[in-house]
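Student: Here is a sequence together with a model predicted from it:
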Amino acid sequence: MGKDGSNVVSNKLQISIYRYRPEHDEAPWMQDLEYETGGRDLMVLDVLEGLREQDPSLSYRRSCREGVCGSDGMNISGRNNLACITPLSQAAPDGRLVLRPLPGLPVVRDLVVDMTMFYRQYESIAPYLINDSPPPAIERLQSPEQRAQLDGLYECILCACCSTSCPSFWWNPERFVGPAGLLQAWRFLADSRDTADEERLAGLEDAFSLFRCHGIQNCVASCPKKLNPTRAIGEIRNQLIKRAV
Amino acid sequence: MADRRPVNLEISTLKLPITAWVSIMHRISGIALFFGSALLLGALYYSLDSEAGYAMVQDFLVDSVLGRLLLWAVLVAAAYHSCAGVRHLLMDIGYGEELESGVRGAQIVLGASAVLALISACWLL
């Protein structure tokens, strides 16, 4: 912290950025760049926008630029996070910033990865309310306590920071649902309006879908929204055990 | 068609939380224990087999520095693997699932196994 309370950021930022343009590059390479920050504690996304003015071929995803849309998840100096809400004082305290795409997913171009496997796993947990009773004339009501069960679950923005930090998902993206999908699986299991608990649990009881989680908590450490997939997975595991005995 | 797109998965570029390191070391200590148990079972077998076998185990494992270092390594692996295993059991019943408590649990595992390693070193070496 500086004397006025602001975060001190070095004027010259050294950036190392992962580049892969399939039409030019045989293999990905790291491009070294410098950036003038003017001493301001910019967000990583601001730096990327500045770099792209100099080199329009630089590719990354972004949309809302305020941590709501989940588009600009990337590996920032070794940790998955959203570029738009990660300040340089956190990402590059020594003036060195390393930007790489989210780990484990195929790279389409530069920092853009193919999220197909991630979405497929999300789809596999049926991320919508299932209720086989006839719909009432008004909404299906919940008590404040029932609604509170969804706090810490519904806030997920599907940025994939958690699942792409998870070794179990790296090695088994086809069979392990991954932290993001499992957090949502628990979000619907925990919902008082959902009646498909039995089917949902049956879909997760094999050796891979959930039980590949070994609780290393990379997901919790990397979630930009401070959610806790490890706890959600523990809750589902308890339900699976109850169901089995 | 094979997917020829690159994948960013250079573990050395990633900064992993202490909880991940504790888990990686749990696996490594497990593998060490697997081979260590073979060593101990072999030693047990030869020591019971004959007087000469007993003397051989005595020479190689008990009276040599290298042998005792090896025994110590097996004990350290057992100590670490047990501590990390108990942490897993506690997590299974819901303790240490938050990031703060998970990190604290990981630190306790490292601390406790360091103490056990020291105690076994005093005893063996």
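Tutor: Looks like it arrived, so ask away.
Student: Tell me the buried residues in whichever helix or strand B:Cys122 is part of?
Tutor: Assessed by DSSP states H and E, B:Cys122 sits inside helix B:99-124. Residues of helix B:99-124 classed as buried: B:Leu99, B:Gly102, B:Val103, B:Gly105, B:Ala106, B:Val109, B:Leu110, B:Ala112, B:Ser113, B:Leu116, B:Ala117, B:Ser120 (neighbour count, 16 or more other Cβ atoms under 10 Å in any protein chain shown). For every residue, glycine as well, the C-beta is placed using N, CA and C.
Student: who does that helix touch, helix- and strand-wise?
Tutor: The contact analysis (3 or more Cβ pairs under 8 Å, 6 or more residues apart in numbering or on different chains; DSSP states H and E) places helix B:99-124 against helix A:218-222, helix B:18-49, helix B:65-92.
Student: What about B:Val7? Give its phi and psi, please.
Tutor: Main-chain torsions, B:Val7, degrees, to the nearest 10: phi -130, psi 130.
Student: Please name the nearest non-neighbouring residue to the residue of chain A found nearest chain B.
Tutor: Across chain A, the shortest distance to chain B (Cβ to the nearest Cβ) belongs to A:Gly78, at 3.3 Å. Excluding the flanking residues, the one nearest A:Gly78 by Cβ to Cβ, 6 or more residues apart in numbering or on different chains is B:Lys15, at 3.3 Å.
Student: coming back round to it: which residues are in contact with the residue of chain A closest to chain B?
Tutor: By Cβ atoms under 8 Å, 6 or more residues apart in numbering or on different chains, A:Gly78 lies in contact with A:Val98, B:Thr13, B:Leu14, B:Lys15.
Student: try A:Gly181
Tutor: Contacts here follow Cβ under 8 Å, 6+ apart; on that basis A:Gly181 touches A:Gln121, A:Tyr122, A:Ser124, A:Ile125, A:Ser163.
Student: same question, B:Thr19
Tutor: Counting by Cβ under 8 Å, 6+ apart, the residues that B:Thr19 touches are A:Gly215, A:Ile216, A:Gln217, A:Asn218, A:Ala221, B:Leu99, B:Gly102, B:Val103, B:Gly105, B:Ala106.
Student: ok, now which ones touch the one residue in chain B that gets nearest to chain A?
Tutor: Proximity of chain B to chain A (Cβ to the nearest Cβ) peaks at B:Lys15, 3.3 Å away. Counting by Cβ under 8 Å, 6+ apart, B:Lys15 makes contact with A:Ser77, A:Gly78, A:Arg79.
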